[in-house]
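J.: need a structure here:
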Amino acid sequence: MLEVVLSLLAGLVLFLFAVNNLSSTITDFAGESVRIWILKFTKNLFSAIITGTIFTTLLDSSSAVIIIAIVLINAKLLTFKQTMGIIMGANIGTTFSSQLIAMNIGKYSPVLLVLGFVLLLVAKSNKLNNLGKIVVYFGMLFFGLYTMERAVEPLRNEAYFQHFLTSLDNPYLGSLTGAILTLIIQSSSATVGMAIVFAKKGLLSVSAGLALMIGAELGTCSDTLLATIGGSKQAKKAGLFHLFFNLCSIIIGLIFFEPFVKLAMYISNSNKFEHIIANGHVLFNFLGVLLFIGFVPKVEQLLNRWIKE
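T.: Below you'll find the model as predicted:
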């Protein structure tokens with residue numbers, strides 16, 4: 001049992017290390033162009049949503065994109081109104097990583113590690129060095145997931161562990177667990193990734209995996225709120241908007257949880273639980289944006305009344 005726990009922790013640490021360094025390295029690789037493009041394509045709500053989606057997909061971190069937006073607000077380069085679209089788009093963009101995790105590419109992670117290491121060895125410029133780091137971090141990310149996948153196999157025979165995972169079929173308990181786990185490890189991608197890994201090994205049901213995913217959406221608000229401490233009132237409104245938007249999506253998701261699970265299974269057209277959870281992640285965030293987009297002006301007015309300049 002100790003070996004299982006240590007292997008699971010090792011895989012999780014590799015994954016978190018890769019996720020935490022990936023976004024900053026990609027930002028360094030892109031240079032100031034990240035901020036320039038964010039500023040350029042946030043003129044209206046729809047372009048801001050698309051911008052948030054694209055940059056979150058590229059940086060593999062919704063928190064990184066939202067925190068960059070908060071930094072730009074504090075620098076008075078972005079307004080709270082522009083940031084709302086970026087936040088909503090970031091929620092859609094973060095689902096790209098769950099699609100990658102659902103694919104069985106973990107076993108090819110050593111190829112990325114070797115390729116990245118070779119690039120680091122021959123790098124004679126910062127650009128090539130950062131590119132090598134990006135490839136290595138992607139390799140570490142997938143190798144971490146692969147390690148966790150192998151580590152959890154013996155848990156099939158542990159009755160108490162199976163009982164705990166079965167209890168997560170309750171959407172409220174599953175969501176609470178997902179929120180707490182994300183709050184602890186500070187990565188919604190890791191929480192969703194673990195849910196997919198456990199489902200792939202037959203240890204987690206579709207409903208439990210989707211409940212964990214929904215809870216992760218709440219837990220991920222913590223680092224955004226922390227980033228607003230000491231910031232301007234516009235930045236604080238952006239942090240509260242992120243929390244309010246995710247909270248509304250979660251409440252609606254839990255109210256209509258059973259139809260949501262059925263819809264995720266229907267659109268997936270697959271018996272593989274990992275693909276259903278990954279597709280459910282996309283569906284949840286896309287529908288959240290679709291349902292919320294009409295209320296953005298009202299929420300903006302509400303937050304402007306709560307926090308006056």
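J.: make it CA atoms for all contacts and neighbour counts henceforth
T.: Will do.
J.: now the helices for the stretch 151-300 of the chain?
T.: 159-167, 171-185, 188-200, 206-219, 221-227, 233-255, 257-268, 273-292, 296-306 (DSSP state H, counting those that start in this stretch).
J.: TSV for these, including mean neighbour count?
T.: Shown next, in TSV, are the helices of the stretch 151-300 of the chain (neighbours: other Cα atoms under 10 Å):
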stretch	mean neighbour count
helix 159-167	13
helix 171-185	21
helix 188-200	26
helix 206-219	29
helix 221-227	19
helix 233-255	21
helix 257-268	16
helix 273-292	22
helix 296-306	13
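J.: so Ser189 makes contact with Ser97?
T.: Yes. Between Ser189 and Ser97 there is a contact under Cα atoms under 8 Å: 7.0 Å.
J.: looking just at contacts, which helices and strands does the helix ranked longest in the chain meet?
T.: In the chain, ranked by residue count with DSSP state H as the criterion, the top helix is helix 2-30. Here helix 2-30 is seen to pack against helix 45-59, helix 126-151, helix 188-200 when contacts are counted using 3 or more Cα pairs under 8 Å, 6 or more residues apart in numbering; DSSP states H and E.
J.: quick revisit: export the helices of the stretch 151-300 of the chain to JSON lines and tack on distance to Asn91?
T.: Below are those laid out as JSON lines (distance: least, Cα to Cα, whole Å):
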{"stretch": "helix 159-167", "distance to Asn91": "26"}
{"stretch": "helix 171-185", "distance to Asn91": "15"}
{"stretch": "helix 188-200", "distance to Asn91": "11"}
{"stretch": "helix 206-219", "distance to Asn91": "8"}
{"stretch": "helix 221-227", "distance to Asn91": "11"}
{"stretch": "helix 233-255", "distance to Asn91": "9"}
{"stretch": "helix 257-268", "distance to Asn91": "17"}
{"stretch": "helix 273-292", "distance to Asn91": "6"}
{"stretch": "helix 296-306", "distance to Asn91": "15"}
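J.: buried sites along the longest helix of the chain?
T.: Residues of helix 2-30 classed as buried by neighbour count (16 or more other Cα atoms under 10 Å): 4, 7-16, 18-20, 22-23, 25-29.
J.: burial of the residue nearest to Tyr146 when sequence neighbours are not counted, as a residue count?
T.: Excluding the flanking residues, the one nearest Tyr146 by Cα to Cα, 6 or more residues apart in numbering is Gly106, at 5.0 Å. Gly106 has 20 neighbouring residues, counting by other Cα atoms under 10 Å.
J.: circling back to that earlier point, turn the helices of the stretch 151-300 of the chain into a markdown table, including mean pLDDT and distance to Ser47.
T.: Converted to a markdown table, the helices of the stretch 151-300 of the chain look like this (pLDDT from 0 to 100; distance: least, Cα to Cα, whole Å):
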| stretch | mean pLDDT | distance to Ser47 |
| --- | --- | --- |
| helix 159-167 | 71 | 41 |
| helix 171-185 | 88 | 29 |
| helix 188-200 | 85 | 25 |
| helix 206-219 | 91 | 23 |
| helix 221-227 | 79 | 22 |
| helix 233-255 | 91 | 17 |
| helix 257-268 | 93 | 27 |
| helix 273-292 | 92 | 13 |
| helix 296-306 | 89 | 14 |
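J.: I'd like to know which of those helices is closest to Leu120.
T.: Counting by Cα to Cα, Leu120 lies closest to helix 188-200 out of the helices of the stretch 151-300 of the chain; the figure is 26.3 Å.
J.: elements contacting that closest one?
T.: Counting contacts by 3+ Cα pairs under 8 Å, 6+ apart, helix 188-200 is packed against helix 2-30, helix 95-102, helix 126-151, helix 171-185, helix 206-219, helix 273-292.
J.: what angle sits between that helix and helix 126-151?
T.: 40 degrees (axes from the mean of the first three to the mean of the last three Cα atoms, to 10 degrees).
J.: Any regions of the stretch 51-200 of the chain where pLDDT drops low?
T.: 153, 155-162 (pLDDT under 70).
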